[in-house]
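*Asks:* Everything below, folded, please.
(4 chains, ligands or ions: 4)
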Amino acid sequence: MTIRPYGDTMNDGKVQLSFSLPLPCSLHGEETAKAFALKMGLHDVQVVHASPLSEQFSYYILYGTTHHQVDPETVQISDVNTDSLSKEAIEAWIERDFEAPITFVGASTGTDAHTVGIDAIMNMKGYAGHYGLERYKGIEAINLGSQVDNDSLLEEARKHRADVILISQTVTQKDVHIQNLTAFIELLEAENVRDEFIVIVGGARISHALAKELGYDAGFGQKKYANDVASFALHLMDQKQRKKKKL
Amino acid sequence: MTIRPYGDTMNDGKVQLSFSLPLPCSLHGEETAKAFALKMGLHDVQVVHASPLSEQFSYYILYGTTHHQVDPETVQISDVNTDSLSKEAIEAWIERDFEAPITFVGASTGTDAHTVGIDAIMNMKGYAGHYGLERYKGIEAINLGSQVDNDSLLEEARKHRADVILISQTVTQKDVHIQNLTAFIELLEAENVRDEFIVIVGGARISHALAKELGYDAGFGQKKYANDVASFALHLMDQKQRKKKKL
Amino acid sequence: MKLNVDQAQVRRCKNHAKTIAQDVQSMIDEHSTVAVERTILRMLGLDGVTALDVPYANALVDHIKEDCDLSKGVVHYVTYAMHETQQTPQQIAEAVASKKLSLKAYQALPKSPYVALLEPYIDTTFQIILKQRAYRAETLAKQPQKTTPELYVIVATGNIYEDIEQALSAAHKGADIIAVIRTTGQSLLDYVPYGATTEGFGGTMATQENFRLMREALDGFTQKHHRYIKLVNYASGLCMPEIAAMGAIERLDMMLNDSLYGIIFRDINIKRTFVDQYFSRVISAFAQIIINTGEDNYLTTSDAFEHAHTVLASQFINEQFALLACMPPELMGLGHAFEIDPNMPHSFLYELAQAELSREVFPKAPLKYMPPTKHMTGDIFKGTIQNALFNIVAVTTHQSIHLLGMLTEAIHTPWMSDRALAIENAQYIAKAFQAFSEEFTYVEGGRIKKRAQDVLNNAQGLLKTIQEEGLFATLEHGRFAGIKRRPTQGKGLDGVFKKHPDYQNPVLEAMLKRLQEGS
Amino acid sequence: MKLNVDQAQVRRCKNHAKTIAQDVQSMIDEHSTVAVERTILRMLGLDGVTALDVPYANALVDHIKEDCDLSKGVVHYVTYAMHETQQTPQQIAEAVASKKLSLKAYQALPKSPYVALLEPYIDTTFQIILKQRAYRAETLAKQPQKTTPELYVIVATGNIYEDIEQALSAAHKGADIIAVIRTTGQSLLDYVPYGATTEGFGGTMATQENFRLMREALDGFTQKHHRYIKLVNYASGLCMPEIAAMGAIERLDMMLNDSLYGIIFRDINIKRTFVDQYFSRVISAFAQIIINTGEDNYLTTSDAFEHAHTVLASQFINEQFALLACMPPELMGLGHAFEIDPNMPHSFLYELAQAELSREVFPKAPLKYMPPTKHMTGDIFKGTIQNALFNIVAVTTHQSIHLLGMLTEAIHTPWMSDRALAIENAQYIAKAFQAFSEEFTYVEGGRIKKRAQDVLNNAQGLLKTIQEEGLFATLEHGRFAGIKRRPTQGKGLDGVFKKHPDYQNPVLEAMLKRLQEGS
Ligand code: B12
Ligand code: B12
Ligand SMILES: Cc1ncc(COP(=O)(O)O)c(C=O)c1O
Ligand SMILES: Cc1ncc(COP(=O)(O)O)c(C=O)c1O
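*Replies:* Ligands and ions are numbered 1, 2, ... in the order given. Got it, this is the predicted structure:
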């Protein structure tokens, strides 16, 4: 069963869109804006607002009806497919099955100075009511802060015998994060240590899909917290039989 | 030379989009929203906001990059292609070439109760600093008000020997205006009087293209005023040699 | 009270308005209309439509109007027929509709002595209405009183089932009040359509079944979430009292009810709709349904800065009409709006002044505050800000019925998402500004106090003029909304008639009695 | 003054701050840094880069640092070399860079007697700066003074030519001030890149040529539209005084200039950046360039309600550092921000209180007011409202430098259209609220007055603590923004050195002399 966007009637296909064009603001500009909407598969397109941004640029707001349909059943979601445990459950699991401590080394890397994200995951205080890894019994959390280059990150990870490396990337403009994230995986491979670590990346604009694509074990975006990443890490270590207690 | 939408770099193709889906708000809903964006030809799509509208509906705001291109040169604009004269110029032209008065009969028709639009065109006061037709020397303007059904409109037009019939349509929901506008043209044809009048429609959601499609001589939308419609009417009467002074 | 307007001046205004309303009331008392007569029948339990979809109420009234003399009122004919045929009003109407029965014979008879026969029927309907009243009162008593304005949104899909989806979404998002807008033409129909409907333009048919369906859906939400959702529809129009009656029976909580709106914006005949309005307001008063008046609409055709005083003057008049219909102030949702051109400097100050003024002049009234509409454009971001400023004024001046503005006002009737964004906008402002009004006092001689005083002065002047010339002349001069209307024109005129000395309306009397006894 | 805060208490705060700043100043006076030395060279007219893109200023300083003894300062070596080789500083630098010349020989010589040789070079640079100053003053004098805050937007495409398009669009829309954000890594570079650049992330390289190109474009706009557009860039970082000098020469109008920002958010060494800041502020004072401080940033890592007082305390301290650099209050763009969680009840009241407080405590300062950033989300409609409320506070409390919030703050660096919408938002609010502040007085004991007093009290308490423990200890404890920094750590530490008794800095002296004479 396929669906369409919903305005005020089932499957009426109503959508709103806006963008700028490198054209003066004019009826011709509006018609060009419409032409784009048509190419996107919209019909009954209305340019409801047009305003000049300068002599050479103009901005348009449009409404229209899309004829596209999607069958929700067929839509795949790419997300960390381990369910998240609570802090307590995680601590209990480590206590029971693993040789504590599990060591997480994390940083906001490259030229990225944003620490709030990585701090939210690693520091005592945590974020939005979720304590950070530092507070977890059985977990050793080392937060290197921001602007840490890839070499120093690896160095520290080795020094502390990290089980898990956590990287935060917030600035994504001109794909600066892709370059930096790729470089780190290449570094691990060059040093032949990719398999020694579980490597996880996160950030407001990071998706699990992107992370996998770049060779990371997982990616976490907004509204993900310490227990989400810890759960994932443990499941993976369990799979890989890392630091499991021998019975 | 083709162009793309502009975010902050020439032809980066950046667009913003929003719509609702008949799905609960969830990661699956977000992915489905993305799927629509992909079908519209966007890539690097980000769902930046997702919120529930009810248990069964959800709303999404997306940003993405379109690979569509349009060559502005090839974009046709459908507009009344007579340039608009000033009130004074129109009055002079009538004075010189036409047998005054030119009679305009106008109304907001069907169940439409919106009069501000037709009043803006016809009444003394006019709108946004443009006087209405009532004030024009050489023009007789009869405004029948709102909720006028097609039969009465034609009746009045005949009674006053109208040269031009002006129709305003504001409510467009479920295409109520299309039905009503089509019915009027059919009426004129049934009565064999289509050619006796210049028939013009206007309204916030009316475009010249739509008007032509429905068999009207012209359509006027927002930011059109009395002088625009009067100029068009005169040009057409001039062409059709209506009420021209014999020299 | 933040403006401290001169209460004596306010009293003077109210006295003008009182005289104005009383003049009209004397005309009202002498007349009845086909709509009033149909309403009496509905209150006697008449329901259903003929094979040709003509409501029995219409069939019966039309028969009397065409074949007999309606000036004696339907009660005259029905009571004689009941006495003679021993049938119920419904059975009589059906018989008449199918031409099996004519009431002609009773025309010549003296004033009917059988009015008492109606008591059980009237009583049944009253019991239904009283039950609905009680249910509403109890449910509301159970939930905490909101300290910020109640959020009011409209649904207008044209399809009642789609409307329900939208209404539930709005309730889910936090709406307190939901109005189902009528399809564009309905207010000019001289009958009320029947049954569930799915085709409408710019709105959905107001039918008793549609009322019931929406009420049921909203009550369902209330059961689940323990928050009562108020339901609103539109009475103004040619069927004003009939729709008021339907609303009373189906437990609507508010009714748009204003003949001035009908006169000015729908070209409904002046006499017709004033007579209809009186009966409809008595019904609403009895059913404890809040009325909403339409002064806000004036500002869609007239400039909101220059004509602000016409809104206030009209509110004064509407208040008096409501009082004459035995309405307590608590049911008077007097309307006004935030419609000043955003390009005007100090627009926010003037809006604040106007809203404070209405609040202070009508302290007990659940004021209905309308959002910006006229100056909304396709710029949905600017529209979002216009609505936010409107919300700030609504919260800061303690408006009661807070109609939420839609960012797409200039584009289409609200989508589900438009409504959700409007609610989120209002909720954010309510949270941030809930106590703002306690934080400051207005400067003496400042723009705000001066503006409020100017508006009050001009309203007083206008009321004085109206008292002198009479409300009908005022409407002929187009002093409200700049639209001129004559008492001898307009839709529904032929449905008005002078009452015969034998005319009786026990339903009205019964309600007035109870209202005066205050039960 | 709407809050009437106790001026005696404000004075006590300023006294604490003064002692705090003086402590640090004594450290500053004993030290210099590689950046300061490079700046001296730039003020002597040094420009250009080597074949390997190393700026000559760096090449020369590095040579002295590695092969000689930098503690005597570059002036020592350059003046001896000038005397001996009869060459210009530029020629000497080029000779050194190409290893044709070593300055080692001068290391052992006594304090240089040839400093007078620099006068013509210093004078040339001073003349350029004075001309720029005069041009700015005259152009501004020609145009009407704005009564509402000046609209400030950023461009951050990474490409200077694209930035120019965006800047012109913003100016066209009504922006008064345009800032070119730097590429993410630049503030950690210990040299200033050279030439026009087109590759940057989250911002564009700050280079003298980029400054010139943007200045030229904006001056072009001014010619055409008779409205001066102020240009802003960022000094804070490892090249603080150098960039300040470049800005003075290219007529930037404002400079982000705050070592506390660099310390806390860029992990720059404490000593290094305080020494750099002093010289950079003296240059800015001389060039009459308004500095912007970065207290607003604290609230991006600390809660804006709980830590509001840290912002105020830091403003007090920054004011004193600026005074020590001979800056008049009119050049102190002290920073604060609208960052309270919109989910907090009364958020608007608290923001209003904070903004009024800053305004009242620093009446002459062109306060820099930052928009909501931390609590902006992908909901661009809610973001539009958050920005509107911020704009209301900015206008109502007479902030000076009004940084506009972007509805896409949480998503990407501003697009041309985002900026246009931000400007339209601010313009609408300015028009509607321009006189709002004159309309009311705050209620005694109300939430707003109480909040302002609480913040002031806490700031005073914190200042007292800092005076006792010293600013360095304060930074170690992470009292600002919750981030801990040590004087023995941080980037650029190796570029700090204690001045040798023979150290001389005639450029600084010349500027101080003129500033004290007040020319
Ligand atoms: C705070 C902030 C700053 C502060 C940073 C202070 C600090 N010490 O962190 C300061 C003021 C210093 C700053 C500076 C700059 N910033 Co900034 N900043 C922000 C802001 C306002 C909030 C970011 C934030 O703290 N979010 C809260 C945290 C908790 O959310 P989060 O990072 O997404 O983290 C969550 C998840 O993503 C996840 N997560 C994050 N990391 C990780 C890692 C792992 C391993 C896991 C499992 C999970 C995880 O868990 C967290 C909790 O759920 C955003 C705008 C916004 N509202 O988003 C801009 C923003 C991020 N900044 C931006 C930019 C460009 C800059 C500057 C380059 C210039 C400028 N425009 O200001 C400078 C230089 C910084 C640099 N070189 O990196 C842009 C980035 C644009 C882009 N997409 O590329 C933004 C979006 C603003 C904008 N629109 O321009 N910034
Ligand atoms: C004012 C108004 C009313 C007033 C009308 C008062 C009156 N006497 O006109 C009142 C309050 C009565 C009203 C009622 C209703 N309205 Co109304 N109303 C508006 C409003 C706010 C402004 C319209 C307006 O006056 N614009 C100003 C004029 C000058 O602009 P204009 O009409 O476009 O005219 C210009 C051009 O179009 C052109 N033009 C127009 N006509 C003609 C004709 C000719 C021949 C020419 C040459 C040019 C021309 O020239 C004019 C000057 O440039 C709009 C929302 C909005 N902001 O647009 C809603 C709106 C039009 N209303 C709407 C609706 C649905 C209704 C109602 C059905 C219910 C409701 N939702 O309120 C009722 C019933 C009305 C009915 N049966 O038709 C919808 C229509 C949705 C749609 N697209 O179908 C709107 C868009 C609001 C909404 N979003 O729901 N409304
Ligand atoms: C008082 C009043 N009644 C009725 C209506 C709606 O009437 P109609 O259904 O004729 O559009 C309005 C609309 O604004 C109103 O204000
Ligand atoms: C005072 C100050 N300096 C500098 C900057 C920017 O520094 P960077 O270029 O290191 O991002 C900011 C940004 O917020 C600031 O507030």
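
*Asks:* mean confidence score for the biggest strand by length in chain A?
*Replies:* The longest strand of chain A (DSSP state E) is strand A:42-52. Averaged across strand A:42-52, the pLDDT comes to 96.

*Asks:* strand partners of it, parallel vs antiparallel please.
*Replies:* In the sheet, strand A:42-52 lines up against strand A:58-66 (antiparallel) (DSSP bridges).

*Asks:* Give me the spatial nearest neighbour of the spatially most central residue of chain A, chain neighbours excluded.
*Replies:* What sits nearest the mean C-alpha location of chain A, by C-alpha atoms, centre = their mean, is A:Ile206, with 2.0 Å. In this structure, A:Ile206 finds its nearest non-sequential neighbour in A:Gly219, 4.7 Å apart by C-beta to C-beta, 6 or more residues apart in numbering or on different chains. C-beta: built from backbone N, CA, C; applies to glycine.

*Asks:* For the one you found, which three-state class applies?
*Replies:* At A:Gly219 the chain is in strand, as set by DSSP: H, G, I helix; E, B strand; the rest coil.

*Asks:* Give me the distance between it and A:Gly126.
*Replies:* Taking C-beta to C-beta, to the nearest Å as the measure, A:Gly219 falls 20 Å from A:Gly126.

*Asks:* So between the two, which is more surrounded?
*Replies:* Neighbours per residue (other C-beta atoms under 10 Å in any protein chain shown) separate A:Gly219 from A:Gly126, with A:Gly219 holding more: 25 against 20.

*Asks:* give the contact list for the residue in chain A that chain C sits nearest to.
*Replies:* Nearest residue of chain A to chain C: A:Val48, at 3.0 Å (C-beta to the nearest C-beta). By C-beta atoms under 8 Å, 6 or more residues apart in numbering or on different chains, the contact set of A:Val48 is A:Ile61, A:Leu62, A:Tyr63, C:Gly378, C:Ile380, C:Ala410, C:Ile411.

*Asks:* any idea how far chain B is from the fifth one?
*Replies:* Just to be clear, that refers to C:Ile380. 10 Å (C-beta to the nearest C-beta, to the nearest Å).

*Asks:* Just give the closest residue to that residue, not the sequence neighbours.
*Replies:* C:Leu407 is the one closest to C:Ile380 (C-beta to C-beta, 6+ apart), at 4.3 Å.

*Asks:* swap in the last one?
*Replies:* Leaving aside its chain neighbours, C:Ile411 sits nearest to A:Val48 (5.2 Å; criterion: C-beta to C-beta, 6+ apart).

*Asks:* State the distance from that neighbour to ligand 3.
*Replies:* Distance of A:Val48 to ligand 3, given as C-beta to the nearest ligand atom, to the nearest Å: 22 Å.

*Asks:* Which phi and psi values does the residue of chain A most remote from its centre adopt?
*Replies:* For chain A, the residue at maximal distance from the C-alpha centroid (C-alpha atoms, centre = their mean) is A:Leu27, at 40.4 Å. Backbone torsions for A:Leu27, taken as degrees, to the nearest 10, come to phi -60, psi -40.

*Asks:* And C:Thr33, by the same measure?
*Replies:* With angles defined as degrees, to the nearest 10, C:Thr33 sits at phi -140, psi 170.

*Asks:* rewinding a little: to what extent is the residue nearest to the residue farthest from the centre of chain A when sequence neighbours are not counted buried, counted in neighbours?
*Replies:* Nearest residue to A:Leu27 in three dimensions, chain neighbours excluded: B:Ile77, at 5.2 Å (C-beta to C-beta, 6+ apart). Using other C-beta under 10 Å, B:Ile77 is surrounded by 15 other residues.

*Asks:* mind listing what C:His346 touches?
*Replies:* With C-beta under 8 Å, 6+ apart, C:His346 has these contacts: C:Arg447, D:Ala432, D:Gln434, D:Ala435.

*Asks:* Roughly how far does the third one sit from C:Pro345?
*Replies:* The one in question is D:Gln434. Distance, D:Gln434 to C:Pro345, by C-beta to C-beta: 7 Å.

*Asks:* Between the two, tell me which one has more neighbours.
*Replies:* Applying other C-beta under 10 Å to D:Gln434 and C:Pro345 shows that D:Gln434 carries more neighbours, namely 17 against 13.

*Asks:* In three-state terms, label the nearest residue in space to that one that is not next to it in sequence for me.
*Replies:* Distances taken as C-beta to C-beta, 6+ apart place D:Thr148 nearest to D:Gln434, at 5.5 Å, with adjacent residues excluded. At D:Thr148 the chain is in coil, as set by three-state DSSP.

*Asks:* got the contact list for D:Thr148?
*Replies:* Applying C-beta under 8 Å, 6+ apart, one finds that D:Thr148 lies in contact with D:Val395, D:Ala430, D:Gln434.

*Asks:* Same list (those residues) but as TSV, adding secondary structure and distance to A:Val176.
*Replies:* Output for those, formatted as TSV (DSSP: H, G, I helix; E, B strand; the rest coil; distance: C-beta to C-beta, whole Å):
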residue	secondary structure	distance to A:Val176
D:Val395	helix	36
D:Ala430	helix	36
D:Gln434	coil	41
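
*Asks:* So which of the residues you listed is the closest to chain B?
*Replies:* D:Ala430 (23.2 Å).

*Asks:* separation between the closest residue to that closest one other than its chain neighbours and D:Arg359?
*Replies:* Nearest residue to D:Ala430, sequence neighbours excluded (C-beta to C-beta, 6+ apart): D:Thr148, at 4.2 Å. To D:Arg359, D:Thr148 is 14 Å away according to C-beta to C-beta.

*Asks:* what about C:Gln386, helix or strand, and which?
*Replies:* helix C:380-396 (DSSP states H and E).

*Asks:* Could you identify the helix or strand that succeeds that helix?
*Replies:* Remark: after helix C:380-396, the chain's next helix or strand is strand C:401-403, criterion DSSP H and E.

*Asks:* avg pLDDT for that next one?
*Replies:* pLDDT averaged over strand C:401-403 gives 98.

*Asks:* swap in stretch C:467-482?
*Replies:* The model assigns stretch C:467-482 a mean pLDDT of 96.

*Asks:* What is the linear distance spanned by that stretch between its boundary residues?
*Replies:* With C-alpha to C-alpha, to the nearest Å as the measure, stretch C:467-482 spans 19 Å from end to end.

*Asks:* can that stretch be found next to ligand 3?
*Replies:* No: judged by C-beta under 6 Å from any ligand atom, stretch C:467-482 makes no contact with ligand 3; its nearest approach is 11.5 Å.

*Asks:* Of all residues in the stretch 51-200 of chain C, which one is closest to ligand 1?
*Replies:* Across the stretch 51-200 of chain C, no residue is closer to ligand 1 than C:Lys173, which sits at 23.9 Å (C-beta to the nearest ligand atom).

*Asks:* Quick check: that residue touching B:Glu55?
*Replies:* No: look at C:Lys173 against B:Glu55 with C-beta atoms under 8 Å: they stay out of range, at 11.8 Å.

*Asks:* And these two? Which one has more around it.
*Replies:* When C:Lys173 and B:Glu55 are compared for neighbours, C:Lys173 comes out ahead with 21 against 11, by other C-beta under 10 Å.
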